[in-house]
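*Asks:* What follows is a predicted protein model with its sequence.
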Amino acid sequence: MRQVLGPCAVGGLRPEYGPGTLLVPDQFVDRTKSRAATYFDGLPLPDGTVPNVVHVSLADPYCPTGRAAALKAAWGRDWEAVDGGTLVVVEGPRFSTRAESLWHQAQGWSVVGMTGHPEAALAREMELCYTSLTLVTDLDAGAESGEGVSHEEVLRVFAANVDRLRDVLFDAVAGLPETADRDCPCASALGGTDPGFALP
């Protein structure tokens, strides 16, 4: 297994990204605080192995091949998925304050969620392909008036879309190349540098 598809529920930061929108981001912003985000910090792994310190590029954090497969799968199922955008990842488990949401909007970011970092960064360090598929379950607190986001609303919209999301994932997996045929930058992210342990 060298290719990962990561579906997640998110809030829309723009009115046009309302509930039921599928957005396949091409960027993320990390606003988390306490998550381990690298294998290469020089600290021992659970088995006692000490990895080398390695720096990988995350300029384009998502696999272009995986993104293309996800979009083709969605469009093939008549789901007008949004091609590109920025996912801002917050710590959670609470939802954003209205001020935070408005600030996220002001930065030009697209959706906000609690999943996606450090997954994308850790995958790149392992030379895995990672693609995020974000399902908008609500308009975030700054994108609409009213009471803001509720847990019940998120669950309701996710449940209403889970079957077609599953179909898209199934089709996207079928559209991914064989591991040996990967020609994306993810496959050579370490540039031949020895990480100090065997890659999966």
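*Replies:* Received, thanks. Numbering: from 1, shown residues only.
*Asks:* And the pLDDT at the residue of the chain most remote from its centre?
*Replies:* Using Cα atoms, centre = their mean, the residue of the chain lying farthest from its centre is Gly48. It sits 30.0 Å away. Model confidence at Gly48, expressed as pLDDT, equals 88.
*Asks:* Please name the residues that touch it.
*Replies:* With contacts defined as Cβ atoms under 8 Å, 6 or more residues apart in numbering, Gly48 has no neighbours. (Glycine included, C-beta is placed from N, CA and C.)
*Asks:* tell me the secondary structure for it?
*Replies:* Three-state call for Gly48 (DSSP: H, G, I helix; E, B strand; the rest coil): coil.
*Asks:* Just read off the phi/psi values of it.
*Replies:* The phi/psi pair for Gly48 (degrees, to the nearest 10) reads phi 90, psi -10.
*Asks:* for Val89, same thing?
*Replies:* Per-residue torsions, Val89: phi -100, psi 120 (degrees, to the nearest 10).
*Asks:* Hmm, it is touching Phe28, no?
*Replies:* Yes. At 5.8 Å, Val89 counts as touching Phe28 under the criterion of Cβ atoms under 8 Å.
*Asks:* Pull up the overlap in contacts between the two.
*Replies:* Common neighbours of Val89 and Phe28 (Cβ under 8 Å, 6+ apart) are 116-117.
*Asks:* what about this protein, any weak spots by pLDDT?
*Replies:* Residue ranges of the chain with pLDDT under 70: 142-147.
*Asks:* got the end-to-end distance for stretch 48-68?
*Replies:* Start-to-end span of stretch 48-68 (Cα to Cα, to the nearest Å) is 39 Å.
*Asks:* what does the top helix by length along the chain rub up against?
*Replies:* Longest helix of the chain, by residue count under DSSP state H: helix 151-175. Here helix 151-175 makes contact (Cβ under 8 Å, 6+ apart) with 5, 7, 9, 19-20, 22, 66, 69-70, 72-74, 76-77, 79, 81, 131, 133, 135-138.
*Asks:* Give the buried subset of these as a ChimeraX selection command.
*Replies:* Filtering the contacts of helix 151-175 down to the buried ones (16 or more other Cβ atoms under 10 Å) takes a single ChimeraX command:
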select :5,7,9,19,22,66,69,70,73,74,79,81,131,133,135,136,137,138
